[in-house]
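**Student:** Kindly return the folded structure for what I paste below:
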Amino acid sequence: MCAMNLDQATEAFLIYCKSKGLADRTLETYSYALQCLRRHLSVNEVSPPIPTHQILRGFISEMLGRGVARGTIRIRMRAIRVFSNFVEREGIVDESPMRGVEIPKVPKTYPEIISIDQARRLLRAAKGTSWHSKRNAAILTMFLDTGIRLSELIRLDLEDVDLQTLTIRIRSGKGEKERHVYMGRALLRSMRGWLEVRGFRHEGTPVFLTKDGARLDLRNVERIVERIAARARLGSAHITPHILRHTFATHYVKNGGDPFSLQRILGHSDIKTTMIYVNLAGVGLREAHAKASPVDRLFQ
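**Tutor:** Numbers count the residues shown, from 1 in each chain. Have a look, this model is predicted:
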């Protein structure tokens, strides 16, 4: 067994993760989880040992006692489990500290979505003839027609959008995996309207930019969605880009889309994540089955 304290093992672990080419967001998650664990052990202890499973259970208990959300606890403890597997595999400890440690479950909840009527009112509120209106309408329509993530939308460059094949290439998806999503007729019209006023050539390549030519950032787009939602008067509904992604996914299934194609469109690595929308679609699936039942169609 190699004698290392927690700080040394953390450094070795993060170097290993970088060498594997993990995404920056993943590295940040792992690093922050281990920082939280380090603070729990003792800010005054110079070289704390790698914690035991009893200490990790105490860490979970302490977070629950402070009211840390169970979802947040799960993210941190999953990161610590990856670290624990690493130190066991590398011979730094004899046994993974997470062995026998149960991560708290999160009560099953379904994502918030908006109705078709609310989506229609949102798109109407975005319409206009100005430069900003055409840009904002294209953004809202893209969210609702493709389920694209906010981080993916702001990274789109002109060469990623092909109006001839109705294809949008996402090169910077979660896990840095490339995929393609497709435009419907409404999004095609909206993108044509936007690109006509934006110009197909511009200094810099972002699809969505400010009047000054800078790429929109996350907060820019969040404010755009908030302003248009307020104008649409959707009541108490708090509309975010992620809610629009959930809305696309749920109505895609309700309209007959299958979960496996939805998984590819959304860029999910695990079909279990996509199946949430199948459950949320509920009645829509029963209606789809009534229309597409293989046995019923044999006797038509």
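**Student:** ok so His180 is a helix residue?
**Tutor:** No - under DSSP: H, G, I helix; E, B strand; the rest coil, His180 sits outside any helix and is assigned strand.
**Student:** now the helices for the stretch 1-150 of the chain?
**Tutor:** In the stretch 1-150 of the chain, the segments counted as helices under DSSP state H, counting those that start in this stretch are 6-19, 24-41, 53-65, 70-89, 116-126, 131-146, 150-154.
**Student:** Looking at those helices, which one is packed in the most?
**Tutor:** Compared across these, helix 131-146 shows the largest average neighbour count, a mean of 22 (mean count of other CB atoms under 10 Å). (C-beta placed from N, C-alpha, C; glycine too.)
**Student:** what's the closest non-adjacent residue to Val278?
**Tutor:** Excluding its sequence neighbours, the residue lying closest to Val278 (CB to CB, 6 or more residues apart in numbering) is Pro259, at 5.2 Å.
**Student:** Relative to Leu244, how far out is the one you found?
**Tutor:** Separation of Pro259 from Leu244 (CB to CB, to the nearest Å) stands at 19 Å.
**Student:** ditto for Asp212
**Tutor:** With CB to CB as the criterion, Asp212 and Leu244 are 26 Å apart.
**Student:** Please identify which of those two sits among more neighbours.
**Tutor:** Leu244 (26 against 5; other CB atoms under 10 Å).
**Student:** Spatially, what comes nearest to that one if we skip its sequence neighbours?
**Tutor:** Using CB to CB, 6+ apart, the closest residue to Leu244 is Phe143 (3.9 Å).
**Student:** got a list of what the one you found touches?
**Tutor:** For Phe143, the contact set (CB atoms under 8 Å, 6 or more residues apart in numbering) comprises Leu153, Val225, Pro241, Leu244, Arg245, Phe248.
**Student:** separation between the residue nearest in space to the middle of the chain and Arg25?
**Tutor:** Nearest to the geometric centre of the chain sits Arg149, at 6.0 Å (CA atoms, centre = their mean). Remark: distance between Arg149 and Arg25 (CB to CB) = 12 Å.
**Student:** low-confidence ranges in the protein?
**Tutor:** 1-2, 43-46, 108-109, 172-176, 200-204, 236-237, 282-300 (pLDDT under 70).
**Student:** hmm, 50 instead?
**Tutor:** 283 (pLDDT under 50).
**Student:** Break it into its domains for me.
**Tutor:** Recorded structural domains for the chain (assignment: automatic domain parsing) are 6-89, 116-290.
**Student:** Turn those into JSON lines, including distance to Met98.
**Tutor:** Listed next are the domains of the chain as JSON lines, based on distance: least, CB to CB, whole Å:
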{"stretch": "domain 6-89", "distance to Met98": "4"}
{"stretch": "domain 116-290", "distance to Met98": "20"}
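**Student:** I'd like to know which of those lies nearest to Tyr110.
**Tutor:** Nearest to Tyr110, of all these, is domain 116-290, at 4.9 Å by CB to CB.
**Student:** Ok, which of the helices of the stretch 1-150 of the chain comes nearest Arg185?
**Tutor:** helix 131-146 (9.5 Å).
**Student:** just the helices in the stretch 201-300 of the chain please.
**Tutor:** Under DSSP H, counting those that start in this stretch, the stretch 201-300 of the chain gives helices at 218-232, 241-254, 259-266, 271-281, 283-292, 294-298.
**Student:** Quick one: those as CSV, columns for distance to His180 too.
**Tutor:** Shown next, in CSV, are these (distance: least, CB to CB, whole Å):
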stretch, distance to His180
helix 218-232, 21
helix 241-254, 15
helix 259-266, 9
helix 271-281, 17
helix 283-292, 24
helix 294-298, 30
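**Student:** Quick one: closest of those to Lys20.
**Tutor:** Closest to Lys20 of these, according to CB to CB: helix 271-281, at 22.2 Å.
**Student:** Could you list every helix and strand in contact with the closest one?
**Tutor:** helix 241-254, helix 259-266 (3 or more CB pairs under 8 Å, 6 or more residues apart in numbering; DSSP states H and E).
**Student:** pretty sure Ile170 contacts Gly267?
**Tutor:** Yes - under the criterion of CB atoms under 8 Å, Ile170 makes contact with Gly267 at 7.0 Å.
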